[in-house]
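Chemist: Need coordinates for the following:
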Amino acid sequence: MSDSAQPQQQSGQGGAQPIRPGDPIPSGGIDPTQVFAAPPPPPPSAQQGAQQDGAQPQPPKDAGPPPPPAGPLPADDQLKAAGYDDEDIRVLKEVGNYRFGSLTGQLSNQNVVVPTHPETTFDEQRFLNLLRGSISLTRDEKWRIIMAIPKLSQFQIDELQKILDEERIKFSELSPKHLLQLMKLEQKHGDDWKDLQAITAQQSAKADESAQADAIRKQLGL
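Modeler: Predicted coordinates:
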């Protein structure tokens, strides 16, 4: 779901640039075809997770047990008896209490406003939580999804939430040896979410200023 591949309106060869955070939003939200050029992909599968330039992260093949709960670690011999190898144990000691989702889970949805959606019903904060925690969607894709909500069907909303929830589960079940890579990815996506919050706050402030200016002009008969 990369920015360069998904929006229907592409840059280059005379095509329009995909809409980006901070751009004006058409009345009623952006069209879903500006978010995805094709239906949302299936849930992340156990494919090789080698990172290539522009490639979205996919859970690699992994037969090891998922990380133990955060907190004090058992002794090494107990961890090995539970199925963890030396690499798992080394990484667990290095990441401390980090587990997938723990970084973006500490962030908020402040300033990220879901547009009115009279045709659909869903838990807006849960929807934003799932978007916030995704490491396969870019910052701009997350913003475009939010801006397209008024034009998404109930089926599209439900399927998107299902895909994001399954992504979260797949990554959280990877063995501890992947935690360092996941932590770096989650830090980046957490920074992107903070950036999105700042952009939307600026948009809101500009809209308020414009409304106030219009009100003053009306009062002055201009």
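Chemist: W143 against G22, yeah?
Modeler: No: the pair W143 / G22 is not scored as a contact, 9.0 Å apart, by CB atoms under 8 Å. Yep, even glycine has a C-beta here, placed from its N, CA and C like the rest.
Chemist: okay, the two: which has more neighbours?
Modeler: The residue with more neighbours, out of W143 and G22, is W143; 25 against 11, by other CB atoms under 10 Å.
Chemist: what is in contact with W143 and G22 at once?
Modeler: I199 (CB atoms under 8 Å, 6 or more residues apart in numbering).
Chemist: Tell me who's in contact with P176.
Modeler: By CB under 8 Å, 6+ apart, the residues touching P176 are G64, P67, Y84, D88, I89, V91, L92, V95.
Chemist: The first one - how many residues pack around it?
Modeler: By the other CB under 10 Å criterion, the neighbourhood of G64 contains 16 residues.
Chemist: Can you flag which of the contacts of P176 belong to helices?
Modeler: With DSSP state H as the criterion, helices contain D88, I89, V91, L92, V95 from among the contacts of P176.
Chemist: most neighbours, which of these?
Modeler: Neighbour counts for the ones in helices among the contacts of P176 (other CB under 10 Å) peak at L92, which has 24 neighbours.
Chemist: That one contacts A82, correct?
Modeler: No: L92 is not in contact with A82 according to CB under 8 Å; the separation is 11.2 Å.
Chemist: Pull up the overlap in contacts between the two.
Modeler: Contacts common to L92 and A82, judged by CB under 8 Å, 6+ apart, are P68.
Chemist: Which residue ranges of the chain form helices?
Modeler: Under DSSP H, the chain gives helices at 76-81, 86-95, 124-133, 139-148, 154-172, 179-219.
Chemist: what's the most buried one of those?
Modeler: helix 139-148 (a mean of 22; mean count of other CB atoms under 10 Å).
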